[in-house]
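Participant: below: sequence and its predicted model.
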There are 2 protein chains.
Amino acid sequence: MSVAQRKVRPRRNNESNRRDELLRVSAKLFREKGFDGTSIRDISSAAGMHSGSPFYHFKTKQDILVAVMEQGLAEGLRKTEEVIALPLPPEQKLKLLIRAQLGTILDEGNDFIPVLLYDWRGLTPANRRRVVALKDRYDALWQRLIDELQRAGHMPGDAQLMRLLILGAVNWTGTWYRTGGRLSLDEVAEGAARLFLQARR
Amino acid sequence: MSVAQRKVRPRRNNESNRRDELLRVSAKLFREKGFDGTSIRDISSAAGMHSGSPFYHFKTKQDILVAVMEQGLAEGLRKTEEVIALPLPPEQKLKLLIRAQLGTILDEGNDFIPVLLYDWRGLTPANRRRVVALKDRYDALWQRLIDELQRAGHMPGDAQLMRLLILGAVNWTGTWYRTGGRLSLDEVAEGAARLFLQARR
DNA sequence: AAGACTGTACCAAGCATTTGCTTTTTGGAA
DNA sequence: TTCCAAAAAGCAAATGCTTGGTACAGTCTT
């Protein structure tokens, strides 16, 4: 008998990773129609499966939702940390961070974070706590930058409130921004940064 | 024949309009659990009815959603126009308008506008067009004020973008603000106005 | 004044479909 | 052969909505 390769499943690198495909189409559908508005038959048919097949990959429909959100958070966190680590003045970092978040929300195929933002009501309380714990790390990164901006005199008032307002404005873009419209994401980020940053003269 | 079969009909309050009550509990439930997450049975039992009874007042469940949104919009529009009409400098008006909108979203029992803001995915395309047409009048009022602020040098960049960002920040409060927390609505409005208004020196 | 009619606001029961999920079976790759 | 990933079939519950009936207040007719 050969070495016991427990847990470390081969996870074929080739294209036939149907679980990821399931997550991708689920995120898209959840974003468009909401979690409760999306049936597992919607999901499975969008993935080209029969209605019971997704349950091989996920125990429950709720687990799909959690997986979508956690995958989105993981990727968003990575992008956010990347920007935060740049050796730049905080005003420039804010603009880049806003731009990155806009991409995370609005770029083609980025449906994972929007599901988190707009469909958290679909989570059971237990799962909500799990997801919120992850999201808190996200928020903490923003908070550090905003604290820094405030110390430098670029930001008024309560720093935590400022973070909530700024992130709110950015996250809300998902409800109105349409690709191919009047403004590019760069222009939106530029405008937002100008709105939020107190001109220090 | 005796009076043996006399079903007790407790409720005989002629004044209380059950249709309005239906709208009120529906708005509350829609806000908490979403439109698709709320069943007719949830609604009717919250209103003390049997499951088929709401259909006397509304043809479909979707019609309840539309009615909730339209009622919310009508009231919000009224409050907004009230503030806009005040003879005050635009900077003060912005603060008052933000405060009014915060109340519309966050005050106890004000679930109508939040349903509009967070559950518009539940609308059929036709109904969405109807509701959006109403909402456009709402936005136009804000836009006029923001145009004015920009002409006075209090607001940078694209005025329409500024409106979307500001309203986004305000509307997003519904996802995080909890009554009895660290900040009052007055303080939130004050902080938001300071964040958005360019200090003109 | 008595009875007939009308409109309102539900109740009671249930129908047709959809839903999330389970169980068993099967074809193909390792 | 064994294991994986999905097909095939279906179940029990939930869902939106319909139907028919009932109690009762008010109105109209005679």
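Facilitator: Received it, and whenever you're ready, just let me know what you need.

Participant: need the residues of chain A near DNA strand C, please.
Facilitator: Proximity of chain A to DNA strand C (CB under 7 Å from any atom of the strand) is limited to residues A:10, A:12, A:36, A:38-41, A:51-52, A:55, A:59-62. For glycine as for every other residue, the C-beta is placed from the backbone atoms N, C-alpha and C.

Participant: rerun at 6 Å
Facilitator: Residues of chain A lying near DNA strand C by CB under 6 Å from any atom of the strand: A:Ser39, A:Ile40, A:Arg41, A:Ser51, A:Gly52, A:Phe55, A:Thr60, A:Lys61.

Participant: which one of those is nearest B:Trp142?
Facilitator: A:Ser39 (37.5 Å; CB to CB).

Participant: state the pLDDT value of that closest one.
Facilitator: If you check A:Ser39, the pLDDT there is 97.

Participant: could you pull up phi and psi at it?
Facilitator: Main-chain torsions, A:Ser39, degrees, to the nearest 10: phi -100, psi 160.

Participant: could you do A:Pro156 as well?
Facilitator: Backbone torsions for A:Pro156, taken as degrees, to the nearest 10, come to phi -90, psi 170.

Participant: among the residues of chain A next to DNA strand C, which ones are buried?
Facilitator: The neighbour count (16 or more other CB atoms under 10 Å in any protein chain shown) marks A:Ile40, A:Lys61 as buried among the residues of chain A next to DNA strand C.

Participant: what residues does chain A put near DNA strand D?
Facilitator: Residues of chain A lying near DNA strand D (CB under 6 Å from any atom of the strand): A:Arg18, A:Met49, A:His50, A:Ser51, A:Gly52, A:Ser53, A:Tyr56, A:His57.

Participant: most neighbours among those residues, which one?
Facilitator: Using other CB atoms under 10 Å in any protein chain shown as the neighbour criterion, A:Met49 leads those with 19 neighbours.

Participant: residues in contact with that residue?
Facilitator: Residues near A:Met49 by CB atoms under 8 Å, 6 or more residues apart in numbering or on different chains: A:Arg18, A:Leu22.

Participant: got the contact list for A:Gln160?
Facilitator: Shown in contact with A:Gln160 (CB under 8 Å, 6+ apart): A:Gln143.

Participant: for the one helix or strand it maps to, buried residues please.
Facilitator: Taking DSSP states H and E as the criterion, the element that holds A:Gln160 is helix A:159-176. Judged by neighbour count (16+ other CB under 10 Å), helix A:159-176 contains these buried residues: A:159, A:161-175.

Participant: which of the residues you listed lies closest to DNA strand D?
Facilitator: A:Thr175 (23.5 Å; CB to the nearest atom of the strand).

Participant: distance check, that closest one against B:Trp172.
Facilitator: Per CB to CB, to the nearest Å, A:Thr175 is found 10 Å from B:Trp172.

Participant: for the two, list the residues in contact with both.
Facilitator: Counting by CB under 8 Å, 6+ apart, nothing touches both A:Thr175 and B:Trp172.

Participant: which of the residues of chain A next to DNA strand D sit farthest apart?
Facilitator: Largest separation among those by CB to CB: A:Arg18 and A:Ser51, giving 14.8 Å.

Participant: between the residues of chain A next to DNA strand D, which is nearest chain B?
Facilitator: A:Ser51 (18.6 Å; CB to the nearest CB).

Participant: checking that closest one next. Helix, strand or coil?
Facilitator: At A:Ser51 the chain is in coil, as set by DSSP: H, G, I helix; E, B strand; the rest coil.
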